[in-house]
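Peer 1: when you get a sec, could you give me coordinates for this:
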Amino acid sequence: MKKLKGKDARLKQIIKNIQGQTIVYVGRKDSAETRARKIAELTDKEINNSDLNDLIKYIEKNISKEWRLINCLLSGVAFHHAGIPKYIQTEIVELFNSGVINTIVCTPTLTEGVNTTAKNVVFYDTTKADIDLTGFEVKNIVGRSGRFGQHFVGRAIFLEEHVDQDNIDEINYPIFDHEKIPDEDYFQIDMEDLGTEGRNQKERILRQVDELNIPLSLLKKNKYIPFENQLELIEHFRSNRALKSRLQIKSGLPEKQQVDVIIELVHEVLFSSSDRKEAWTTANLSRLVKYQIYFNPSIKKLILEHDAVREDTRIRNVLELVYRYFEFSFPKYLNAFENIFNFVYSDTLSLALMSTHLQYGNDEKYNILLTDAGVPRSIISHLSKHLEGLDTISSIRNMIESKPSILKGLTNIELKMLSKRI
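Peer 2: All right, here's what the predicted structure looks like:
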């Protein structure tokens, strides 16, 4: 705690005295929000800009009036991390590049491939998810300053010791470092690409798989799922034959009790350690998964369903739930669950519709197309009654062009978001 207070004091001193737009790099989402708030408190000036005001009104309407981001934006400060919807990330970067926002506190989501008009990069941390940044990563983040032809020289300031960005002799690829390779990755690597110890390890795993009578093709299909977790689920199914009849899905979506069983096994058996979060119990996840696949709620409604005490915590957790777990993590786990279930029971269980409803809220083609294009849910919901049966982006565009009245009721920023994406 003493170290953090010291860094916060130095950060405030730098922000007060530095000239030019600034990116502050931190290693964690919660830290980004906290540092942004502390920087915003340094100014009593409130920015009045139409584009900024439009973004704030959008956030108030569709996420929460209490989100900490709003007060930060009013002070010309923003935070930027993977838990923020991409369409809001885009607006933040545009406001920064146009000079409305002066400081962004960010995690690696902004520093990996996004160019900005930043003059300065301040390293509050030199870690990423509690792992030290490599010299290559430091150099990449420093490269965010002095971009877009705005500045010839960018400035990098470090608040703690770091790897020398100019001393980068080599980049190590884990695929050749057998001691770092997870067991499941051995199924994807040819023997000739491994050293002696790596070949021995792969042979040991293959013998284990053969003794358990598990086809290698099954494990290859589930390449993103920890090997030991797959074995545990296979053994669980083999020891609980009654699950075959309990999980017979009569219609497209599983029943509520079946969802409870599926989510319990997915969360407690298949989930990797990096995907497990203290904020989410199995019961909470199952409750919100059911809410999502049966009712397709708005982000705002999902936040209201969260039981955390602090509003910012509820928002952060729900945004991560939707944009990380519903859209990415759960579909891969459900696919692995389906593969293993069908192998053990020689069955044809399909969780494809459940996965689609998790990712998109429903299985309407227009909804899937617009969501994949990055159109916010609020806009899709507004247009939905006019788009039924449309199955291409061009047909959606043609509908809007032929009947512009269907856009009535969308705000300026929503119209801008839509036009950018279709």
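Peer 1: drop to CA atoms for contacts and neighbour counts, all remaining ones
Peer 2: OK.
Peer 1: any stretches of the protein with poor pLDDT?
Peer 2: Applying pLDDT under 70 to the chain flags residues 1-5, 111-114, 129-130, 132, 134-154, 162-180.
Peer 1: can you pull out the strands in it?
Peer 2: 22-25, 77-80, 103-106, 120-123, 127-128, 131-132, 155-158 (DSSP state E).
Peer 1: dump these to TSV, plus distance to E320 and mean neighbour count.
Peer 2: Output for those, formatted as TSV (distance: least, C-alpha to C-alpha, whole Å; neighbours: other C-alpha atoms under 10 Å):
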stretch	distance to E320	mean neighbour count
strand 22-25	20	27
strand 77-80	13	28
strand 103-106	16	27
strand 120-123	24	24
strand 127-128	17	18
strand 131-132	21	12
strand 155-158	29	16
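Peer 1: closest one to D185 among these?
Peer 2: Comparing the strands of the chain against D185 with C-alpha to C-alpha, the closest turns out to be strand 131-132 (21.1 Å).
Peer 1: sorry, back to before: now the strands of the chain as JSON lines including distance to M191?
Peer 2: Formatted as JSON lines, the strands of the chain follow (distance: least, C-alpha to C-alpha, whole Å):
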{"stretch": "strand 22-25", "distance to M191": "40"}
{"stretch": "strand 77-80", "distance to M191": "42"}
{"stretch": "strand 103-106", "distance to M191": "41"}
{"stretch": "strand 120-123", "distance to M191": "41"}
{"stretch": "strand 127-128", "distance to M191": "32"}
{"stretch": "strand 131-132", "distance to M191": "30"}
{"stretch": "strand 155-158", "distance to M191": "43"}
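Peer 1: out of the ones you listed, the one nearest N367 is which?
Peer 2: strand 77-80 (26.3 Å).
Peer 1: list the neighbouring strands of the closest one plus their orientation.
Peer 2: strand 103-106 (parallel) (DSSP bridges).
Peer 1: wait, Q89 sits on A78?
Peer 2: No - with contacts counted by C-alpha atoms under 8 Å, Q89 stays clear of A78, the gap being 9.7 Å.
Peer 1: domain map for this structure?
Peer 2: Residue ranges for the domains of the chain, per automatic domain parsing: 2-158, 172-211, 212-360, 365-421.
Peer 1: so which of those domains is the most surrounded?
Peer 2: domain 2-158 (a mean of 18; mean count of other C-alpha atoms under 10 Å).
Peer 1: what's the spacing between it and its chain's center?
Peer 2: Averaging C-alpha positions (C-alpha atoms, centre = their mean, to the nearest Å) puts domain 2-158 18 Å from its chain's average.
Peer 1: where exactly do the helices run in the stretch 201-350 of the chain?
Peer 2: Along the stretch 201-350 of the chain, counting by DSSP state H, counting those that start in this stretch, helices occupy 216-221, 227-239, 243-246, 256-265, 282-295, 299-305, 311-320, 330-345.
Peer 1: neighbouring contacts of the first one?
Peer 2: If you take C-alpha atoms under 8 Å, 6 or more residues apart in numbering as the criterion, helix 216-221 is touched by E184, F187, Q188, V209, F227, Q230, A336, N339, I340, F343.
Peer 1: repeat that for 7 Å
Peer 2: F187, Q188 (C-alpha atoms under 7 Å, 6 or more residues apart in numbering).
Peer 1: from the chain's centre, how far out does it sit?
Peer 2: Centroid separation between helix 216-221 and its chain, computed with C-alpha atoms, centre = their mean, is 26 Å.
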